[in-house]
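S.K.: my questions are about this predicted structure, shown below with the sequence.
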Amino acid sequence: MEQLEQKVNGQETASNLDSLDPVRDMINSCIQCGTCTGSCPNSFAMDYTPRHMWRMVLMGKKDKIFNSKTFTLCSSCYYCTLRCPRGLPLTEAMSALKQIALREGYTKYKQSTQFYKQFMNSVRRHGKVNEMEFMSFYFAALMNPLISLRFAPLGMKFMMKRKISLAVPFMGHSSLDAIFRKVEEMEEQQ
Ligand code: SF4
Ligand code: SF4
């Protein structure tokens, strides 16, 4: 049915459906009751409500899903997961959408995914974030000097208040590195 709908619309391909499969498996018994939307503290700012998002996942509307900011606004509070009458892992499903956006390199999310990635890389290296190093790698990854210029006044303020250190951090591995490696191994096995 979904494949037929896509052929009729002529907008999405069957291969587009594949990466959504794990998310669809998580929410395929959704009864569209709307409890998740009613529970979500961030739904007022989302362009599609969580209930609507699950409907689009079931229908394979990948273009609409990944042009939306709904899943990027999920703050993993778990209210929807706790209250869903079908006991669906909705927070995990939102997180899975974030991961797909990161993995498939959607330009729309480049800034937020790079921010997250460089933040976690810095935590992995030092056991806590090193702001100066993290922002330097983040701006370098975006390859857009205009963005770094926009943040320059804020950076200056932080430096004057000694909230950011200019010291070059140690570039080895922190004790958190083993945990990160273990998680990567577990993800590869899934
Ligand atoms: S609360 Fe659960 S069953 Fe109800 S719409 Fe949301 S995901 Fe579907
Ligand atoms: S986990 Fe995300 S989607 Fe669910 S209620 Fe919280 S913010 Fe909303």
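M.R.: The structure has been received and is ready for your questions. Numbers count the residues shown, from 1 in each chain. Ligands and ions are numbered 1, 2, ... in the order given.

S.K.: what is the distance between stretch 76-91 and the centre of its chain?
M.R.: Mean-position distance between stretch 76-91 and its chain equals 17 Å (C-alpha atoms, centre = their mean, to the nearest Å).

S.K.: got a list of contacts for it?
M.R.: 26-27, 29-31, 33, 35-36, 39-41, 50, 54, 74, 92, 94-95 (C-beta atoms under 8 Å, 6 or more residues apart in numbering). For the C-beta atoms, the positions are set from N, CA and C on the backbone; glycine is no exception.

S.K.: buried subset of the residues you listed, written for PyMOL?
M.R.: Buried residues among these (16 or more other C-beta atoms under 10 Å), as a PyMOL selection:
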select buried, resi 26+27+30+35+36+39+40+50+54+74+92+94
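
S.K.: which residues are in contact with stretch 102-120?
M.R.: Contacts for stretch 102-120 (C-beta under 8 Å, 6+ apart): 19, 66-67, 72, 98, 101, 129, 134, 137-138, 141-142, 147.

S.K.: need these in JSON lines (columns: distance to ligand 2, neighbour count and pLDDT).
M.R.: Formatted as JSON lines, the contacts of stretch 102-120 follow (distance: C-beta to the nearest ligand atom, whole Å; neighbours: other C-beta atoms under 10 Å; pLDDT from 0 to 100):
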{"residue": "19", "distance to ligand 2": "20", "neighbour count": "15", "pLDDT": "89"}
{"residue": "66", "distance to ligand 2": "17", "neighbour count": "17", "pLDDT": "93"}
{"residue": "67", "distance to ligand 2": "18", "neighbour count": "12", "pLDDT": "92"}
{"residue": "72", "distance to ligand 2": "10", "neighbour count": "16", "pLDDT": "90"}
{"residue": "98", "distance to ligand 2": "11", "neighbour count": "17", "pLDDT": "90"}
{"residue": "101", "distance to ligand 2": "15", "neighbour count": "19", "pLDDT": "88"}
{"residue": "129", "distance to ligand 2": "23", "neighbour count": "16", "pLDDT": "85"}
{"residue": "134", "distance to ligand 2": "25", "neighbour count": "20", "pLDDT": "87"}
{"residue": "137", "distance to ligand 2": "28", "neighbour count": "17", "pLDDT": "89"}
{"residue": "138", "distance to ligand 2": "24", "neighbour count": "21", "pLDDT": "89"}
{"residue": "141", "distance to ligand 2": "26", "neighbour count": "16", "pLDDT": "86"}
{"residue": "142", "distance to ligand 2": "26", "neighbour count": "16", "pLDDT": "83"}
{"residue": "147", "distance to ligand 2": "27", "neighbour count": "12", "pLDDT": "79"}
